[in-house]
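1. got a predicted structure plus its sequence, pasted below:
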Amino acid sequence: MSTSDEWRGQKPAWCPGCGNFGILTAFRRAMVELGLEPHRLIAVSGIGQSGKFPHYTRCNTFNGLHGRTLPVATGIRLANHEMPVAAFAGDGDCYGEGGNHWLHAMRRNIDVKLFVHDNQVYGLTKGQASPTSVPGMKTPTQPAGVLADELNPVAVAIAMGCSFVARGFSGDVEQLAGLMVAAFGHKGFSLVDILQPCVSFNRLNTFEWYRDRVYHLESDYDPGDRSAAYERALEFGERIPTGVLYRQERPTYEDRLPVLAGAPLVRLPLEPDRLTRTLEELY
Amino acid sequence: MSTSDEWRGQKPAWCPGCGNFGILTAFRRAMVELGLEPHRLIAVSGIGQSGKFPHYTRCNTFNGLHGRTLPVATGIRLANHEMPVAAFAGDGDCYGEGGNHWLHAMRRNIDVKLFVHDNQVYGLTKGQASPTSVPGMKTPTQPAGVLADELNPVAVAIAMGCSFVARGFSGDVEQLAGLMVAAFGHKGFSLVDILQPCVSFNRLNTFEWYRDRVYHLESDYDPGDRSAAYERALEFGERIPTGVLYRQERPTYEDRLPVLAGAPLVRLPLEPDRLTRTLEELY
Amino acid sequence: MDYTIKIGGAAGQGIATIGESLSKVFSRSGLHLFSFQDYESRVRGGHNFFQIRFSDRPVLAPREPVDVLVGLDGESIPLHGGELSDIGSALYDPTASGTEYGDPRFTGVPFKRLAVDSGGAEVMANTVASGAVLGMLGMDVSLLEAVLTDTLSRHPEAVEGNVKAARAGHDFGSNNCPRCSFSVPEGSGRKMVIEGNQALGLAAIASGCRFYSAYPMTPSTGILTFLAGHAERHGLVVEQAEDEIAAINMALGASFAGVRSMTGTSGGGFALMVEGVSLAGMTETPVVIVLAQRPGPATGLPTRTEQADLLYALFAGHGEFPRVVLAPGTPEQAFRAVNRAFDLTEKYQVPVIILTDQHYADSTWSLDGVDLSAFEYTDYRVRGDAFKALPTYRRHAFTETGVSPLAVPGDAPHVVVTDSDEHDEDGHLIEDAATRARMVDKRFLKKMPLIRGEIEPPLHYGSPAPEITLVGWGSNYGVMKEAVDALSASRDIAMLHFSELYPFPDESASDFMDVIRSSKHAICIESNVSGRFAWLARAETGFDFKDRISRYDGRPFTLEGLLEELDVYL
Amino acid sequence: MDYTIKIGGAAGQGIATIGESLSKVFSRSGLHLFSFQDYESRVRGGHNFFQIRFSDRPVLAPREPVDVLVGLDGESIPLHGGELSDIGSALYDPTASGTEYGDPRFTGVPFKRLAVDSGGAEVMANTVASGAVLGMLGMDVSLLEAVLTDTLSRHPEAVEGNVKAARAGHDFGSNNCPRCSFSVPEGSGRKMVIEGNQALGLAAIASGCRFYSAYPMTPSTGILTFLAGHAERHGLVVEQAEDEIAAINMALGASFAGVRSMTGTSGGGFALMVEGVSLAGMTETPVVIVLAQRPGPATGLPTRTEQADLLYALFAGHGEFPRVVLAPGTPEQAFRAVNRAFDLTEKYQVPVIILTDQHYADSTWSLDGVDLSAFEYTDYRVRGDAFKALPTYRRHAFTETGVSPLAVPGDAPHVVVTDSDEHDEDGHLIEDAATRARMVDKRFLKKMPLIRGEIEPPLHYGSPAPEITLVGWGSNYGVMKEAVDALSASRDIAMLHFSELYPFPDESASDFMDVIRSSKHAICIESNVSGRFAWLARAETGFDFKDRISRYDGRPFTLEGLLEELDVYL
Ligand SMILES: Cc1ncc(C[n+]2csc(CCOP(=O)(O)OP(=O)(O)O)c2C)c(N)n1
Ligand SMILES: Cc1ncc(C[n+]2csc(CCOP(=O)(O)OP(=O)(O)O)c2C)c(N)n1
Ligand code: SF4
Ligand code: SF4
Ligand SMILES: [Mg+2]
Ligand SMILES: [Mg+2]
């Protein structure tokens, strides 16, 4: 059991009106709903506006390097698979600098909850294009507009067989909190890509832009159908579906690792005597 | 115009019977068919058995670091977009160490031909699992078997909107040579994932294993249909389709870059006078 | 005349706009200036400042006493009010600070209201502030009007309102500062204002750079932005890579294909380039790398300054290969450093690292102009007909100097082959001991003395046989030089400034070590805790700096701060 | 008695299997041995060799003269025939070499035919070879039979054939080597054989390591394989990461969560870990990193040896933070180094780098056994009830020693917060100068002298006041020690071997620099071209090594090779 106040952290240094505030509200709401206590969660983050997130709530925190949330989170889970682990990343952080880790965390199905603050721009470094920036968007470093096509995170996640793929919108706190609760409820790697307006640098994908486009997936939508999920994931234009796009039960990495069948590593006692047998093999 | 002999290189240090020989044969055949001359192609490779490839034919070669073929190839294309550039990578090289570059090269649609020697194992370093290794496969570093699910390169490529996605088999030299010719014929980033038996370390995915499963895509198969392509890409089990899975015409990165509209960078003369205007802006 | 203006405010309030407008006014008036910035790693809020020092003589470093303080937020007066000089005055926004200060040196100005009342809009409050400063200084507002007209050339509709706001501010400043007794003389000729990072970008273009790939990272991003903005005009490809690993590998690819290329980053991004640096060493592919330092370790203080990465730069990359490390401290030094970097990397086919820091990157200086004819350009590559004319070609041929012909692939029927593995003259991988040893001899033993021979000794400024010698490098140039100027009248003092750090200048070819060894105090001044340069100097010369002055709180040395630290030696 | 056996053949021919069987025979007989491997970066073909030296006295280094040469390929005799000692003999496969050599020292053996004729199968040709060597040496075949029975315990059906093949080979060797006059004495007690990488893995387990993440890279892969193979028994997670960046970040995550963790790689992979090293420095997260050197730059010679990465390891990572660099040269030193590495990294919360190289990694030594009680284990972490009992908790609290309490997150209602940005005592990011400076004082200035105080001086072996001092580090231990032994009778000679390199041992706490300074020749012996250690020593002590012996062709020093190089000083 916890209260929203227990999840209150440092004063945010985000811009007034930033979409990150909605994510923070949704997160605190989700934590209370889940009854998680701050010391029973480890939050990992990278560098960017999203990277500051854990400081603005209150919980165990490893605010590491730009792009490296997922390996840190993976290491934590492997050392202590009794602790829930949430990773907070930016779109640049996760799909740019950290793209490789993202692919492989999905392959492992390590039980980490990944929340991507997808503002389709580099916020903290002042407005360069990110991997999800819309082609044509002009920025100080892309004066002729973004030339590469945008990466569609949910489509790639589904192609990777990611076991839980959702899309949320920071302007829809209620749904977002629900998606967070669902992500924590899912056993396995969970991606929640959160559309998050950056009011300072992204003049294209504004609150209004998103609001005009997002809609909730129908109540009878079946997230277990991979092909349908893939089709819906590609929808990112006039209309953008939000909700749980894809979900699949499969064993987590922790479940598959024989050595984690018992207590977590962090609880194992030192047993030097076992080495006698290992030494014997060397004679 | 060129002859097969002109494309003969150093004596290969691959194991006898290695699937890489088929790739080499197909490549030399394709080059002759395309009428390319060795000095009019730049081959980039990484480290691994596949990384040695360019030495075993004969052409301009940058044999760089493990995992880093694509950024090197991209830099080359941007500096000289009149030169065809081929990249040769291993499955570990491209989908493991270099996974992030792979995603972003596809986003850019840079006109590089990527050939992945996909033996579903780390060959040169003696048999560890690669990102495409089949779950359960035992190796010296995965004694309990591979625990992560395998990455499906063609499915991810299609989800990324890669503009040319093909799968070949090194045991089917004829088709493979054709796929290579098609890749060079396509304008834009082209992935040819080549099933390549490793006779020394992969006891699961052998020549027989592949031969029992591969089949050519039907002659009326339409590679322009992204959804159908995605479905076919997922087929990797009892049956494995080979051929051009997906193909889409869209502008290349080089086409979109205004500064490359004229001569390639490597031909531009030094024009210091243009700086006068830039300096004036600073007053 | 030597005044300092400090503009304080929150991120997003536009203090840099005020600072830049005023800088243009001063430089166009022919005055000399130096400005620097202090900002937090956030986009809105917090407290930042922009500080301009201007004078009728060259100025090169931050000073502490503030003559005119402009506070747009509530924190400026409490934080910086105490920094006012004897003749100093402050303007502040009473709405933002929520209080009115009784102190007669602090004048409340309703910036926004003045903007609106004068016929402009609220967003022009900053223009009011700029006008007010000029009013206080007794300078003409027409200079500011001209600057506004130019800066707003793409938004002509905004010019009129801004001009009105400037005038309103100017009136206010002229009439409401009873203590103000500033007197700004006429400068001579117009000057330009250039930022550290701009100087690097400009010099790259002037040196024939055609390819720049980078991933955004403070404080190097300014180079990326400058070059991206000028790419089309100057025929460059500027590519924002997916990460720093890609950035350096792209640069190497472009260089292999035949163009001059560069990349830039800060410490964390450079970490990711380290393998690429080693690749450049092995494949002998030219590349220039700008490493803009900020305080570490890890993310550290992303928007602050430090000089802790010298030895990191020097030994980045596994294995042994020559490299050059340069550390300019002013735009003029940067022009030369970048130009030499491109020349040396192409001539010797070794990576060249240009080491700057946030204090250099974000500071501005006034310059009379840039002498484009001073940029040298020699094309060392074998291309076109010259390449075709070669009877044979081996990319890594053994030669007297260790330097092999670097050809442009595609230009001739010869193939150009290189390898990150140890290779033979043709570039094909080898396993044998003899070839390996010869290649090390070629790459390292043959080239190293030649490269060392190119390195310039430190700049010796001040007394020829000083009792006190200030030794330093990079961005501490300005503050050290001004300290020497300040103390020269009373003391036998000099500065040795190293802007070429590695290969370490040859002590047998110049007398700098004699100067150091015969000084009573040779004081090594560095913006780091452990004395990276002092360590390098000892390794290279055996000399042990007993006297060291360090600053490692992320802020630059100020003239007053340095003089105070020097006091114990005087 | 001091014999050297060399087994040459192509990759894939199983020369390592022969080498390992023979090694077990010798060590189980109580003899001392040292073996090393020379192999190419390919899986089949080429030419490799495995060389075993064995004796009734301890042996530690490669020698050049070969007493028994076994050639499975056609290249062995042409390449190594000339290395035979006065009493040396060679066996070769006439089918593979395609010729019969007339030289009476070379005996053709139809390995495959003997295998088949004896009742085994063609694949047992290697067993024939092993048996033949024992026959030549006059040793009993029963020892090999026992080894085969054990090694094949999972394939009992193969035992009989192999035993027959061994006997056939033994008969051949005993009867067909007229020149053979070897006499192998009885050893005492059984010994184990341990490979360099195995020693590291074993020591990690014995030191309480619970997490090892790595990406395969020669010559570090042996650690990964060893630990993976023993993970279940010992309660470790061994994770093959997607790249080296992930490997170190996973290790840091696991360490943050409360377990001892380690990673390992070679130079190119370490490059990718550099940012993570800096992250460990900033977040004060314990981690042990094995950097197994191979010749660079870049991919270099992936399967060969070099010691060029000392300064690279020392300065890897932007910003300033303490670290420890250890360089064991033998399994015993490795046990101690790994155990100390885990102790120091947990005690001071600084990264510890263990520097080895291919020559160390792939060599084997015989040992009487491993004294498990020599491994120390102190848990410095705050966990469970102790953590719960704390009234408050601040991850980066300022303390007298600079070391803050390292707690296990989740064990108590306190939260554990750390940041790669500069932070306050609570771990939250900060911008102010004062906190920054205090954190640098804490992390660097306070910890550094304490860590330096833990570092052990070099091992001084030989004359107490030598005329000639051999100075070296890491894997050159064995060859240097044997050189001292070889020359001690006629010369006043000693060795100083550094296995703890950084912080550089305190010269005021020990007399090693006096030994160096007062030697007529202090000769720095390193497997690199530029003298990395010599440079470090000068930076730290001012001492300039005028005498240096370098090897940089990717091969290890041999005793004879080193003695020859030393000749000029004698
Ligand atoms: C290795 C490295 N490269 C670059 C940076 C600089 N950097 C900090 S945040 C950032 C991008 C931020 O964009 P995103 O991840 O989308 O986060 P946002 O600020 O938009 O939330 C960059 C490039 C860094 N800290 N480390
Ligand atoms: C940075 C780095 N890490 C690790 C290695 C070692 N390494 C060389 S090849 C290779 C894997 C080879 O597998 P793959 O890419 O699938 O190529 P293959 O040999 O199977 O063709 C590895 C891990 C390296 N050279 N560089
Ligand atoms: S820059 Fe954008 S993402 Fe960052 S805090 Fe401001 S509005 Fe939010
Ligand atoms: S190890 Fe495998 S991939 Fe490598 S050459 Fe041998 S068979 Fe081919
Ligand atoms: Mg973003
Ligand atoms: Mg492979």
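-> Here it is on my side, so go on. Ligands and ions are numbered 1, 2, ... in the order given.
2. could you list the contact residues of chain A toward ligand 1?
-> By the rule CB under 6 Å from any ligand atom, the part of chain A lying against ligand 1 is A:47-50, A:66, A:90-93, A:117, A:119, A:121-125, A:130. Any C-beta I mention is one placed from the backbone N, CA and C, and that applies to glycine too.
3. 8 Å instead?
-> By the criterion of CB under 8 Å from any ligand atom, the positions of chain A lying close to ligand 1 are A:20, A:46-51, A:65-67, A:89-94, A:96-97, A:117-119, A:121-125, A:128, A:130, A:196, A:198.
4. among these, which are located in strands?
-> Members of these lying in strands (criterion: DSSP state E): A:A89, A:G90, A:H117, A:D118.
5. of all the residues you listed, which two lie farthest apart?
-> For these, with distances taken as CB to CB, the pair at the greatest spread is A:A89 and A:D118 (9.3 Å).
6. top strand in chain A by residue count?
-> Across chain A, the longest stretch assigned as strand under DSSP E is strand A:240-247.
7. who's in contact with A:R247?
-> By CB atoms under 8 Å, 6 or more residues apart in numbering or on different chains, the contact set of A:R247 is A:S163, A:F164, A:V165, A:H186, A:P223, A:G224.
8. how about those in JSON lines, adding distance to ligand 5, pLDDT and neighbour count?
-> Shown next, in JSON lines, are the contacts of A:R247 (distance: CB to the ion, whole Å; pLDDT from 0 to 100; neighbours: other CB atoms under 10 Å in any protein chain shown):
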{"residue": "A:S163", "distance to ligand 5": "25", "pLDDT": "98", "neighbour count": "23"}
{"residue": "A:F164", "distance to ligand 5": "22", "pLDDT": "98", "neighbour count": "26"}
{"residue": "A:V165", "distance to ligand 5": "19", "pLDDT": "98", "neighbour count": "29"}
{"residue": "A:H186", "distance to ligand 5": "25", "pLDDT": "98", "neighbour count": "19"}
{"residue": "A:P223", "distance to ligand 5": "26", "pLDDT": "98", "neighbour count": "19"}
{"residue": "A:G224", "distance to ligand 5": "31", "pLDDT": "97", "neighbour count": "11"}
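9. narrow those residues to those in strands?
-> Short answer: the contacts of A:R247 in strands (DSSP E) are A:F164, A:V165.
10. out of the contacts of A:R247, who's nearest ligand 6?
-> Nearest to ligand 6 among those is A:S163, at 26.1 Å by CB to the ion.
11. isn't the closest one right up against A:A183?
-> No: look at A:S163 against A:A183 with CB atoms under 8 Å: they stay out of range, at 10.6 Å.
12. hmm, back to that, alpha carbons only: can I get the longest strand of chain A in CSV?
-> Extracted in CSV, the C-alpha atoms of strand A:240-247 (Å, rounded to 0.1, in the frame of the first residue of the first chain):
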residue,chain,number,x,y,z
ILE,A,240,-3.3,6.9,-34.0
PRO,A,241,-4.6,4.1,-31.9
THR,A,242,-3.7,4.0,-28.2
GLY,A,243,-4.0,1.1,-25.8
VAL,A,244,-2.5,-2.4,-25.6
LEU,A,245,-1.7,-3.2,-29.2
TYR,A,246,-0.1,-6.6,-28.6
ARG,A,247,0.2,-9.0,-25.8
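13. which element follows that strand toward the C-terminus?
-> helix A:253-256 (DSSP states H and E).
14. I'd like to know how many residues surround C:F375.
-> Residues lying near C:F375 (other CB atoms under 10 Å in any protein chain shown) number 22.
15. residue contacts, it?
-> Shown in contact with C:F375 (CB under 8 Å, 6+ apart): B:P272, C:A203, C:A206, C:S207, C:F335, C:N339.
16. what's the separation between the fourth one and C:R452?
-> So the one you mean is C:S207. According to CB to CB, to the nearest Å, C:S207 and C:R452 sit 22 Å apart.
17. between these two, which one's more packed in?
-> C:S207 (23 against 16).
18. which residues touch the more buried one?
-> C:R260, C:V338, C:N339, C:A341, C:F342, C:D343, C:F375, C:Y377.
19. distance of the closest residue to the last one other than its chain neighbours relative to D:G268?
-> Closest residue to C:Y377 in three dimensions, ignoring its sequence neighbours and counting by CB to CB, 6 or more residues apart in numbering or on different chains: C:G208, at 5.5 Å. Separation of C:G208 from D:G268 (CB to CB): 31 Å.
20. between these two, who's got more neighbours?
-> The neighbour count for C:G208 versus D:G268, taken as other CB under 10 Å, is higher for D:G268 (28 against 23).
21. separation between the more buried one and C:L252?
-> 15 Å.
22. circling back: quick one: buried residues of the longest strand of chain A?
-> A:I240, A:P241, A:T242, A:G243, A:V244, A:L245, A:Y246, A:R247 (16 or more other CB atoms under 10 Å in any protein chain shown).
23. so who does the fifth one touch?
-> In other words, A:V244. Counting by CB under 8 Å, 6+ apart, A:V244 makes contact with A:F164, A:V165, A:A166, A:L179, A:A182, A:L217, A:P223.
24. so the last one sits right up against A:A233, yeah?
-> No: distance between A:P223 and A:A233: 10.9 Å, which falls outside the contact criterion (CB under 8 Å).
25. list residues touching both of the two?
-> With CB under 8 Å, 6+ apart as the test, A:P223 and A:A233 both reach A:L245, A:Y246.
26. now the contacts of C:S207 in JSON lines, with pLDDT?
-> Formatted as JSON lines, these follow (pLDDT from 0 to 100):
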{"residue": "C:R260", "pLDDT": "98"}
{"residue": "C:V338", "pLDDT": "98"}
{"residue": "C:N339", "pLDDT": "98"}
{"residue": "C:A341", "pLDDT": "98"}
{"residue": "C:F342", "pLDDT": "98"}
{"residue": "C:D343", "pLDDT": "98"}
{"residue": "C:F375", "pLDDT": "97"}
{"residue": "C:Y377", "pLDDT": "98"}
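27. can you tell me which of the residues you listed are in helices?
-> Using DSSP state H, C:V338, C:N339, C:A341, C:F342, C:D343 are the members of these that sit in helices.
28. filter these to keep only those in contact with chain B.
-> Checking the ones in helices among the contacts of C:S207 against chain B by CB under 8 Å from any CB of the partner chain, not one of them is in range.
29. residue contacts, the residue of the stretch 101-250 of chain C found nearest ligand 1?
-> Using CB to the nearest ligand atom, C:M217 is the residue of the stretch 101-250 of chain C that sits closest to ligand 1, at 3.8 Å. Contact analysis of C:M217 by CB under 8 Å, 6+ apart lists A:T125, C:E244, C:T265, C:S266, C:G268, C:G269, C:A292.
30. point out the other helices and strands that whichever strand or helix holds the last one packs with.
-> In this case it means C:A292. Per DSSP H and E: C:A292 is located in strand C:288-293. On a contact count with 3 or more CB pairs under 8 Å, 6 or more residues apart in numbering or on different chains; DSSP states H and E, strand C:288-293 meets helix C:196-206, strand C:260-265, helix C:267-283, helix C:331-348, strand C:352-357, helix C:358-362.
31. count of neighbours near C:T392?
-> 7.
32. ok, residues contacting the helix or strand following the strand holding C:A292?
-> Downstream of strand C:288-293, the next assigned helix or strand under DSSP H and E is helix C:310-315. Helix C:310-315 has contacts (CB under 8 Å, 6+ apart) with C:267, C:270, C:291, C:323, C:325, C:327, C:353, C:355, C:473, C:501-502, C:532-533, C:535-536, D:311-312, D:314-318.
33. done for today, thanks.
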